[in-house]
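[1] Could you work out the structure for the sequence below:
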Amino acid sequence: MVSQEQRRRQLAREKFLRQQQRRTSARRKSRMRNSVIASVLGVIVIGSVALYTTGVLKNDDDKSNASAEVTPSASATSKAHDPCEKPAKGSVEKLSWKKEPAMTIDKSADYTMKLDTTCGAIDIALKTAAAPHTVNSFDFLAGKGYFDHTKCHRLTTNGIYVLQCGDPTGTGSGGPGYTIPDENLKDKSLKNSVYPAGTVAMANTGQAHTGGSQFFLVYQDSQLPPSYTPFGTIDEAGMKVLKKIADAGENTGAGDGAPNATVVINKATVTKS
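    Numbers count the residues shown, from 1 in each chain. From the prediction side, this is the model:
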């Protein structure tokens, strides 16, 4: 007999995977549209096709999956408490590259990434040897200021428990213009398809080797397929920051939306230890 809790988790996972498939289709359509009209209008920001779970569309499920989420209430539209500070002055850089950056990190060395956010500092110990392409990409992007002034655009509070960041567009559809290979999918920390609290992992489209710049921070054990590169671990102080963000909730009341906290990465830095 499948328990109600097991069924809820199963539905949440199914929703998660279904949304990923939709993202792949949406991204393909957006590229086709941009190639046709770029000479006239430039790059179109596709506002109607957005937010992604680990990079996939959000709030696009049909009503048949309503049991996997809480029905939004009227109070969800009221102004929620924001526990975070105002963002630092500055704007997001519009940066893009055609291919993955050359490997420049020392694969045998230890690296850390620090996210100075409006809600507090989040320090992350990076798994360099296990995920060198991922760490090298983050070292490159952080050095270019790619993450600076970007919003963490998604918070999930039902079924899976993650804060998603790394998209300069703030829609869930953005990326650096290149993809990196999946890595470290057999990490010893992933047991029974659970990404433990404190894990930092790559978002992707649901297909292999499609990670770009979006990543998610797990603030509570979350059951997910082991297909998202785990490349870092959050320190204790950072977990307190995440808890503050999670406690503020998300803006739909359905357990999946933009965080009520104004989570902006003022500055991201990667440092060799």
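
[2] use CA for all of it now, contacts and neighbours both
    Noted.

[3] Met239: what secondary structure?
    Under DSSP: H, G, I helix; E, B strand; the rest coil, the three-state class of Met239 is helix.

[4] wait, isn't it in contact with Tyr219?
    Yes: Met239 is within contact range of Tyr219, at 6.7 Å (criterion: Cα atoms under 8 Å).

[5] helix/strand/coil for the residue positioned nearest the centre of the chain?
    Among the residues of the chain, the one closest to the centroid is Gln164, at 2.8 Å (Cα atoms, centre = their mean). Secondary structure for Gln164, judged by three-state DSSP, is strand.

[6] Low-confidence ranges, the protein, go.
    By pLDDT under 70, the weakly predicted segments of the chain are 1-78.

[7] Which residue is the nearest non-sequential neighbour of Thr169?
    With Cα to Cα, 6 or more residues apart in numbering as the measure, Thr150 is the residue that lies nearest to Thr169, at 7.8 Å, once sequence neighbours are left out.

[8] just to revisit the earlier point, so what sits against both of Met239 and Tyr219?
    Between them, Met239 and Tyr219 have Gly198 as joint contacts when contacts are counted by Cα atoms under 8 Å, 6 or more residues apart in numbering.

[9] Helices of the stretch 51-200 of the chain, start to end?
    Defined through DSSP state H, counting those that start in this stretch, the helices belonging to the stretch 51-200 of the chain, from first to last, are 132-143.

[10] for it, what spans make up the strands?
    With DSSP state E, counting those that start in this stretch as the criterion, the stretch 51-200 of the chain has strands at 111-117, 120-126, 150-151, 154-156, 162-165, 194-195, 199-202.

[11] separation between the closest residue to Lys86 other than its chain neighbours and His149?
    In space, not counting the residues next to it along the chain, Lys86 is nearest to Thr118; the distance is 6.3 Å by Cα to Cα, 6+ apart. Applying Cα to Cα, to the nearest Å, the value for Thr118 to His149 is 10 Å.

[12] same question, Leu126
    Using Cα to Cα, one obtains 22 Å as the distance from Leu126 to His149.

[13] swap in Ser193?
    Ser193 sits 33 Å away from His149 when distances are taken as Cα to Cα.

[14] And Thr169, by the same measure?
    Distance check for Thr169 against His149: by Cα to Cα, it reads 11 Å.

[15] More neighbours: these two, which one.
    For Thr169 against His149, the residue with the higher neighbour count under other Cα atoms under 10 Å is His149, and the figures read 24 against 18.

[16] Give me the phi and psi angles of that one.
    Taking degrees, to the nearest 10, you get phi 70, psi 10 for the backbone angles of His149.

[17] SS state for the closest residue to it other than its chain neighbours?
    Take His149 and drop its neighbours on the chain: the residue closest to it by Cα to Cα, 6+ apart is Asn266, 4.8 Å away. Going by three-state DSSP, the secondary structure assigned to Asn266 is strand.

[18] Pull the contacting residues for Gln104.
    Actually, residue 104 is Thr. It isn't Gln. For Thr104, the contact set (Cα under 8 Å, 6+ apart) comprises Asn136.

[19] I figured Lys107 was touching Lys127, is that so?
    No: counting by Cα under 8 Å, Lys107 does not reach Lys127; the two are 9.5 Å apart.

[20] ok, these two, which is more surrounded?
    It is Lys127, of Lys107 and Lys127, that has more neighbours when counted by other Cα under 10 Å, with 21 against 17.

[21] Return the distance of the more buried one relative to Ile234.
    According to Cα to Cα, Lys127 and Ile234 sit 11 Å apart.

[22] likewise Pro168?
    22 Å.

[23] what's the nearest residue to His209 if we skip its chain neighbours?
    Closest residue to His209 in three dimensions, ignoring its sequence neighbours and counting by Cα to Cα, 6+ apart: Pro181, at 4.2 Å.

[24] I figured that neighbour hits Ala131, correct?
    No: proximity of Pro181 to Ala131 does not meet the contact threshold set by Cα under 8 Å, at 9.3 Å.

[25] between those two, who's got more neighbours?
    A count of neighbours by other Cα under 10 Å puts Ala131 above the other of Pro181 and Ala131, at 20 against 15.

[26] Look up how far Lys267 lies from the closest residue to the more buried one other than its chain neighbours.
    Nearest-residue entry for Ala131: Glu183, 5.4 Å, with adjacent residues in sequence omitted and distances by Cα to Cα, 6+ apart. Using Cα to Cα, one gets 26 Å for the distance from Glu183 to Lys267.
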